[in-house]
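*Asks:* okay, sequence plus prediction incoming.
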2 protein chains.
Amino acid sequence: MTIQESGTARPAGRPRSEKAEKAIIEATLDLIGDGMGVSELSIEAIASKAGVGKTTIYRRWSSKEDLIVDALSTLKAPLPPLTGVSVRDDLISLLDAMRKEAGNRRNRCVMNIAMNEADRYPRLMERFMKRAVEPRKEALRSVIERGIATGELRADLGVDMCVAVLSGAMLWHTKWGPAGDLPSDLAERVVDAALEGLAP
Amino acid sequence: MTIQESGTARPAGRPRSEKAEKAIIEATLDLIGDGMGVSELSIEAIASKAGVGKTTIYRRWSSKEDLIVDALSTLKAPLPPLTGVSVRDDLISLLDAMRKEAGNRRNRCVMNIAMNEADRYPRLMERFMKRAVEPRKEALRSVIERGIATGELRADLGVDMCVAVLSGAMLWHTKWGPAGDLPSDLAERVVDAALEGLAP
DNA sequence: TGTTTACGAAACGGGACCGTTGCGTATCGG
DNA sequence: CCGATACGCAACGGTCCCGTTTCGTAAACA
């Protein structure tokens, strides 16, 4: 037994390929992005698409769920910067970020997974929710709470109802709105409709 | 060749069992209700759950998709009666119907299928949308159009935006709201929040 | 150079379903 | 009773994927 040089113990032998690992994650996300559900994803398909042997996958992850958890974790969540000037502007920024993400194939299908398979893959979803959904929900909540504090929003509705109306309207458009990309002014129109109300 | 009695030609031999047919449809809906996606449904599982031979299924439907189309078609769509007095009351009726349906295990999972698998099973979804989604959307649209005509709703938003805000808020609650059944006054609160707006 | 570990490829036995076929039985009309 | 058709059941060969193992090769270190 030799003395390890630095703090990190460098194991003997050939090191694991970073490139293979990236390729596996990418292949996984690509397949999810092509509309695959969790149960339809097969290790063989991922390995084939990544140009990798199955062994290389099993060496790193002990189950399909573990792999998917790691793959989803690499999806970064860059929330848009908020000016903090008016609540209306910040809400538009947040909802417009939702619109842009909905235009991305990967993000859209990941959202599908989040909505459909939560029951069957609870710990996968728990982690994914924490990583991707909660930050957005929290950002929206904090803007709404600020609006309630400054009087820009009604205090009697509750934060959840405000979140529901705003993000629900965006969600509806991504799912059942006219086909094609969402119009670039959608976020602004949604916020104005929600803030001023449907009644005159 | 004998003369057929009535107009309907009664084929010779043992008639197909109505009971088996019902059992197959029920088993299919049950499995979907248990969270199965379309691709995970297997004919063998359906046959087993229905207490039926696979042959009995293949004799009636040539593909899994055909069976699912028929099964989904049996889900009735009893829209609530509308008083036609105030637009607000009719909107609450429609949204409360959504709330009640969301509490039903079968309907909830059918909704999941509609939202997730539309890309992969287009003709299945086309038929299902026509049968289950469109009538509700149309009912909502017609109430909203009436509201615009009578001046109870703003005319400048467009019908789609109103639909999005109202049903989007309900959709959000069913998916990401607090766990458990939706509160019984949810529809009323959603309608009031949407009509009067989030701003004071 | 030799050791150690990772690599891609291929093959394994096993399981789930597929869609089909044959079997013995049940249920209809004639 | 007879012919026709449907029934449940079991079995078929075929495909896909599982998770594991073996193989020859590649890349790190001593």
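*Replies:* On my side now, so go ahead.
*Asks:* tell me who's in contact with residue A:161.
*Replies:* For residue A:161, the contact set (CB atoms under 8 Å, 6 or more residues apart in numbering or on different chains) comprises B:169, B:189-190, B:193. For glycine as for every other residue, the C-beta is placed from the backbone atoms N, C-alpha and C.
*Asks:* one more: residue A:135?
*Replies:* Applying CB under 8 Å, 6+ apart, the residues contacting residue A:135 are A:77, A:79.
*Asks:* for chain B, see how far away it is.
*Replies:* 14 Å (CB to the nearest CB, to the nearest Å).
*Asks:* on that earlier part again, the contacts of residue A:161 in strands, which ones?
*Replies:* Using DSSP state E, no member of the contacts of residue A:161 falls within strands.
*Asks:* which of those residues sit farthest apart?
*Replies:* B:169 and B:189 (9.3 Å; CB to CB).
*Asks:* which of those two has more neighbours?
*Replies:* residue B:169 (30 against 18; other CB atoms under 10 Å in any protein chain shown).
*Asks:* residue contacts, the more buried one?
*Replies:* Residue B:169 makes contacts with A:161, A:164-165, A:168-169, B:190, B:193-194, as judged by CB under 8 Å, 6+ apart.
*Asks:* how about a cut-off of 6 Å?
*Replies:* Residues counted as contacts of residue B:169 (CB atoms under 6 Å, 6 or more residues apart in numbering or on different chains) are A:164-165, A:168, B:190.
*Asks:* swap in residue A:89?
*Replies:* Per CB under 6 Å, 6+ apart, neighbours of residue A:89: residue A:83.
*Asks:* quick one, phi psi at it?
*Replies:* Per-residue torsions, residue A:89: phi -60, psi -40 (degrees, to the nearest 10).
*Asks:* and stretch A:145-155, is it in reach of chain B?
*Replies:* Yes - judged by CB under 6 Å from any CB of the partner chain, stretch A:145-155 comes into contact with chain B at A:153-154.
*Asks:* for that stretch, list every residue counted as buried.
*Replies:* Neighbour counts over stretch A:145-155 (16 or more other CB atoms under 10 Å in any protein chain shown) mark A:147-148, A:152-154 as buried.
*Asks:* how near is the residue nearest the centre of chain A to DNA strand C?
*Replies:* Centroid-nearest residue in chain A, with CA atoms, centre = their mean: residue A:132, separated by 4.0 Å. Counting by CB to the nearest atom of the strand, to the nearest Å, the gap from residue A:132 to DNA strand C is 27 Å.
*Asks:* now do residue A:79
*Replies:* Distance from residue A:79 to DNA strand C, by CB to the nearest atom of the strand: 34 Å.
*Asks:* can you work out which other helices and strands pack against the least confident helix or strand in chain A by mean pLDDT?
*Replies:* The least trusted helix or strand in chain A, going by mean pLDDT, DSSP states H and E, turns out to be helix A:105-116, with a mean of 79. Packing contacts for helix A:105-116, counted by 3 or more CB pairs under 6 Å, 6 or more residues apart in numbering or on different chains; DSSP states H and E, involve helix A:18-33, helix B:105-116.
*Asks:* next, the angle from it to helix B:105-116.
*Replies:* 180 degrees (axes from the mean of the first three to the mean of the last three CA atoms, to 10 degrees).
*Asks:* mind listing what's buried in helix A:105-116?
*Replies:* Buried positions in helix A:105-116, judged by neighbour count with 16+ other CB under 10 Å: A:107-116.
*Asks:* right, and out of those, which lies closest to DNA strand C?
*Replies:* Distance to DNA strand C, by CB to the nearest atom of the strand, is smallest for residue A:116 among those, at 18.7 Å.
*Asks:* and residue A:162, what helix or strand is that in?
*Replies:* helix A:159-176 (DSSP states H and E).
*Asks:* mind listing what the nearest residue to residue A:186 once chain neighbours are set aside touches?
*Replies:* Residue nearest to residue A:186 in three dimensions, not counting chain neighbours: residue A:99, with 5.6 Å by CB to CB, 6 or more residues apart in numbering or on different chains. Shown in contact with residue A:99 (CB under 6 Å, 6+ apart): A:182, A:186-187.
*Asks:* can you do 8 Å?
*Replies:* A:170, A:174, A:182, A:184, A:186-187.
*Asks:* separation between it and DNA strand C?
*Replies:* Taking CB to the nearest atom of the strand, one finds residue A:99 at 38 Å from DNA strand C.
*Asks:* next, the angle from the helix holding residue A:162 to helix B:159-176.
*Replies:* Using the same axes, to 10 degrees: helix A:159-176 against helix B:159-176 is 110 degrees.
*Asks:* what does stretch A:176-194 rub up against?
*Replies:* Residues contacting stretch A:176-194 (CB under 8 Å, 6+ apart): A:88, A:91-93, A:95-96, A:98-99, A:102-103, A:162, A:165-166, A:169-170, A:173-174, B:133, B:137, B:157, B:160-162, B:164-165, B:194, B:197-198.
*Asks:* export it to CSV, keeping only CA atoms.
*Replies:* C-alpha atoms of stretch A:176-194 as CSV (Å, rounded to 0.1, in the frame of the first residue of the first chain):
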residue,chain,number,x,y,z
TRP,A,176,-53.4,23.1,-25.7
GLY,A,177,-52.8,26.4,-27.4
PRO,A,178,-52.5,26.8,-31.1
ALA,A,179,-49.8,24.6,-32.6
GLY,A,180,-46.3,26.0,-33.2
ASP,A,181,-44.2,28.3,-31.1
LEU,A,182,-45.8,30.4,-28.5
PRO,A,183,-46.1,34.1,-29.5
SER,A,184,-43.4,36.3,-28.2
ASP,A,185,-45.8,38.6,-26.4
LEU,A,186,-47.7,35.8,-24.7
ALA,A,187,-46.2,36.3,-21.3
GLU,A,188,-47.1,40.0,-21.3
ARG,A,189,-50.6,39.3,-22.4
VAL,A,190,-51.0,36.6,-19.8
VAL,A,191,-49.8,38.8,-17.0
ASP,A,192,-52.0,41.7,-18.0
ALA,A,193,-55.0,39.5,-18.3
ALA,A,194,-54.4,37.9,-14.9
